[in-house]
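Peer 1: Pasting the sequence and the predicted coordinates here, then a few questions.
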Amino acid sequence: MSAALDCNISFIGGGNMAQALIGGLISRGLAPSRITVSDPVEKVRSLLAEKGVNVTDNNQAAIQDAQIVLFAVKPQVLANVLKPLNGLLDGKLVISIVAGAEIKTVGALLGTDRIVRVMPNTPALVQTGAHGLFAYENVSAQDRELASQVLASTGLTIWVKTEAQIDAVTAVSGSGPAYFFYMMESMIRAGKNLGLDEKVATELTLQTALGAAQMAITSANTPAELRKNVTSPNGTTQAALEVFDRAHISQNIQVALAAAQKRSQELAQELSEANKTSV
């Protein structure tokens, strides 16, 4: 049995990502009564209460009996939420999915270094997320496994070797869904231009995206090899790919992800500087 299912887990913040994790944990067998959510919005609390979890708007009360505390709040309220909990996290594993919040920033505000930082992504909402995790060396193997189990309830978990790599995770998977949505938009628009109605173009595009991803996940071949396998010499696929190459699409994607990584680094620095005066 998963060790996480024997823990009391508290969520500070009950937004979409927290709700996805809560739903995933319950589907894995965690009793709703072992989950507590603190959120200032009554509508959010009511929605979560319908799932059978405990709800409150008191953060200190929420964490009192928890073994795991997961922070899912907006970066701009980080200090206001975390600082009043300083010194109250003894014996508790902290998981932070706060965008841009480095472990040193969270740790200074909470007075603990037993922290796992996570960069999730929105497909967690449909149980197909891809989550990058990082923790300092002082975090035990048991705590790492607990964090993995919590996040695995909504998708893939990948540990990175350095916290700096979280910025790369942000560029690849954190922002990644938007890149694929952009490609889908373009393909649907192209299908309409070629004479298909929007419904047909949309259905074909989405199913093709799903099928291609499933093939890439299940095949022993790399995506590059799969691409070559469906590219007949002088065929229709080659004609399209040659246009991509002339437009330097691959190089532009790499430049775009580098820009996303740089912006992630800047946001983390800005958040760190903004919270220095709060510690």
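Peer 2: Cool, got the structure.

Peer 1: Please make it C-alpha for all contacts and neighbour counts, starting now.
Peer 2: Fine.

Peer 1: any weak-confidence spans in the stretch 51-200 of the chain?
Peer 2: Along the stretch 51-200 of the chain, no part satisfies pLDDT under 70.

Peer 1: residue ranges for the helices of it, please.
Peer 2: In the stretch 51-200 of the chain, the helices defined using DSSP state H, counting those that start in this stretch lie at 59-63, 78-82, 103-110, 141-152, 165-169, 176-193, 198-218.

Peer 1: Make JSON lines out of those and add distance to Gly24 and mean neighbour count.
Peer 2: Below are the helices of the stretch 51-200 of the chain laid out as JSON lines (distance: least, C-alpha to C-alpha, whole Å; neighbours: other C-alpha atoms under 10 Å):
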{"stretch": "helix 59-63", "distance to Gly24": "20", "mean neighbour count": "19"}
{"stretch": "helix 78-82", "distance to Gly24": "25", "mean neighbour count": "19"}
{"stretch": "helix 103-110", "distance to Gly24": "25", "mean neighbour count": "21"}
{"stretch": "helix 141-152", "distance to Gly24": "8", "mean neighbour count": "19"}
{"stretch": "helix 165-169", "distance to Gly24": "22", "mean neighbour count": "23"}
{"stretch": "helix 176-193", "distance to Gly24": "20", "mean neighbour count": "15"}
{"stretch": "helix 198-218", "distance to Gly24": "21", "mean neighbour count": "14"}
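
Peer 1: looking at those, which is closest to Ala240?
Peer 2: helix 176-193 (11.9 Å; C-alpha to C-alpha).

Peer 1: now the helices of the stretch 51-200 of the chain in a markdown table, with distance to Thr236?
Peer 2: Output for those, formatted as a markdown table (distance: least, C-alpha to C-alpha, whole Å):
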| stretch | distance to Thr236 |
| --- | --- |
| helix 59-63 | 58 |
| helix 78-82 | 52 |
| helix 103-110 | 49 |
| helix 141-152 | 40 |
| helix 165-169 | 34 |
| helix 176-193 | 15 |
| helix 198-218 | 16 |
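
Peer 1: Among the ones you listed, which comes closest to Ala239?
Peer 2: helix 176-193 (15.0 Å).

Peer 1: And the contacts of that closest one?
Peer 2: Contacts with helix 176-193, where a contact means C-alpha atoms under 8 Å, 6 or more residues apart in numbering, come from 121-123, 170, 197-198, 201-202, 205-206, 209.

Peer 1: Shouldn't Ala224 be within a helix?
Peer 2: Yes. Counting by DSSP: H, G, I helix; E, B strand; the rest coil, Ala224 is located in a helix.
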